[in-house]
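*Asks:* Pasting the sequence and the predicted coordinates here, then a few questions.
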Amino acid sequence: MREIIVVAGPTAVGKTKYAIALAKAFDGEIVSCDSMQLYKYMNIGSAKPTDAERAEAVHHLVDEIDPKEPFSVAKYSKMAKEAIEDIFSRGKTPIVSGGTGLYLNSLLYDMDFSNAPKDDELRETLEKEAELFGPEYIYNKLCEMDPETAKRIHPNNVKKVIRALEGASSGSSITDFKNCTKKCTDYDAVLIGLTRNREELYERINRRVDIMVEEGLFHEVENLLEMGLAEEDISMKGIGYKEIIGYLNGEYPLDEAAELIKKNTRHFAKRQMTWFRRYKDMHWVNISSYSSEEDCLTDLFRQVDALLVHPLSGSGPGTEKEKGGALRAERKDTQ
């Protein structure tokens, strides 16, 4: 069975750095699993990989769509699976990296909602609300609109809740959803969850926001508004963008906008951890528990190499390749 490597975790934990290192060690290419990095022109607030980072490893699904364009999990799943197949076809390893739980679900499970009413604009809004405010937020909406259907759906089954809301909004009750969480059989997935001690993660989040502001986040938002985007657009509801729009609308001063971004990002990171902890086969790596990030990388390579059914073949540049070869030799000696 073909295998993908997934690098998940909260915002600011260091997924980009570790995904690039894994791509080098395992001859891979990165498929972004981030709902904001897909958008063109939204570079600073989405914390996209820099040009230098993208030169270190091939990245897919970054800078792909116009921020005015409607987008959904279904569209992401199609694009991401096409990228994964392309990577496989060239004999390389897909490294899926990001923190958008709904997107990751769409790659790990075959979800069929073909019989439900469809409303792309509504679905996009609900998906963004689930990401920003948590599954319980949209589940409560369903309880108000269609309590009978809500009783039959688990609050954490976001895809099912969204389709039920689509049905309720169209005036029809959704009574049955089948095969909504059937595991994908196109490939196996090695799931790596990155985390840090809470204090360290929150410090990294605060520092990242300060850097974003220094790099011109406010000007980025102003430019997007000048391009014709508005606060009603789904892309502009992302953390870092909506708060600055509030400042530009005179709702609060500049320094308060930055603090609001930090607070909302910390809350978002907490919700991300809650989401990813639901995966029973996630292998967690607490970066804070290592004396250095170099030691963490060495151990991470060891873990991934042991988890893969078909261990890495020795491709990959630099020290990562050498470490990978050493790990294979070590495993062979102990067998």
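*Replies:* Great, that's in hand.
*Asks:* mind listing the strands for the stretch 51-200 of the chain?
*Replies:* Per DSSP state E, counting those that start in this stretch, the stretch 51-200 of the chain carries strands over the ranges 59-60, 93-98, 109-110, 182-183, 188-195.
*Asks:* and of those strands, who's closest to Ala257?
*Replies:* strand 93-98 (25.5 Å; CB to CB). Quick note: C-beta positions are derived from backbone N, CA and C, even for glycine.
*Asks:* For the stretch 201-335 of the chain, which segments count as helices?
*Replies:* Ranges of helices in the stretch 201-335 of the chain, per DSSP state H, counting those that start in this stretch, are 217-226, 242-248, 254-276, 293-307, 318-334.
*Asks:* Pipe those helices into a markdown table and attach distance to Pro70, mean pLDDT and mean neighbour count per row.
*Replies:* Compiled in a markdown table, these are given as follows (distance: least, CB to CB, whole Å; pLDDT from 0 to 100; neighbours: other CB atoms under 10 Å):
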| stretch | distance to Pro70 | mean pLDDT | mean neighbour count |
| --- | --- | --- | --- |
| helix 217-226 | 17 | 97 | 17 |
| helix 242-248 | 18 | 95 | 20 |
| helix 254-276 | 23 | 95 | 18 |
| helix 293-307 | 36 | 96 | 17 |
| helix 318-334 | 39 | 40 | 14 |
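*Asks:* how about these in a markdown table, adding distance to Lys75?
*Replies:* Output for these, formatted as a markdown table (distance: least, CB to CB, whole Å):
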| stretch | distance to Lys75 |
| --- | --- |
| helix 217-226 | 21 |
| helix 242-248 | 22 |
| helix 254-276 | 20 |
| helix 293-307 | 29 |
| helix 318-334 | 33 |
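*Asks:* Could you identify which of the strands of the stretch 51-200 of the chain is most buried?
*Replies:* Neighbour counts (mean count of other CB atoms under 10 Å) averaged over each of the strands of the stretch 51-200 of the chain peak at strand 93-98, with a mean of 28.
*Asks:* contacts for that one?
*Replies:* 3-8, 15-16, 19, 22-23, 26-34, 37, 57, 80, 83-84, 87-88, 104, 107, 187, 189, 312 (CB atoms under 8 Å, 6 or more residues apart in numbering).
*Asks:* who touches stretch 222-236?
*Replies:* Applying CB under 8 Å, 6+ apart, the contact partners of stretch 222-236 are 36, 39, 41-42, 67-68, 70-71, 124-125, 128, 237, 241-242, 245, 248-249.
*Asks:* Name only those of these that count as buried.
*Replies:* Neighbour counting by 16 or more other CB atoms under 10 Å classes 36, 39, 42, 67-68, 71, 124-125, 128, 237, 241-242, 245 among the contacts of stretch 222-236 as buried.
*Asks:* Out of the residues you listed, give me the two with the largest separation.
*Replies:* The widest separation within these (CB to CB) is 19.5 Å, between Phe71 and Ile245.
*Asks:* and Pro80, what does it touch?
*Replies:* If you look again at residue 80, you'll see it is Ala, not Pro. Ala80 touches 31, 33, 60-61, 96, 103, 106-107, counting by CB under 8 Å, 6+ apart.
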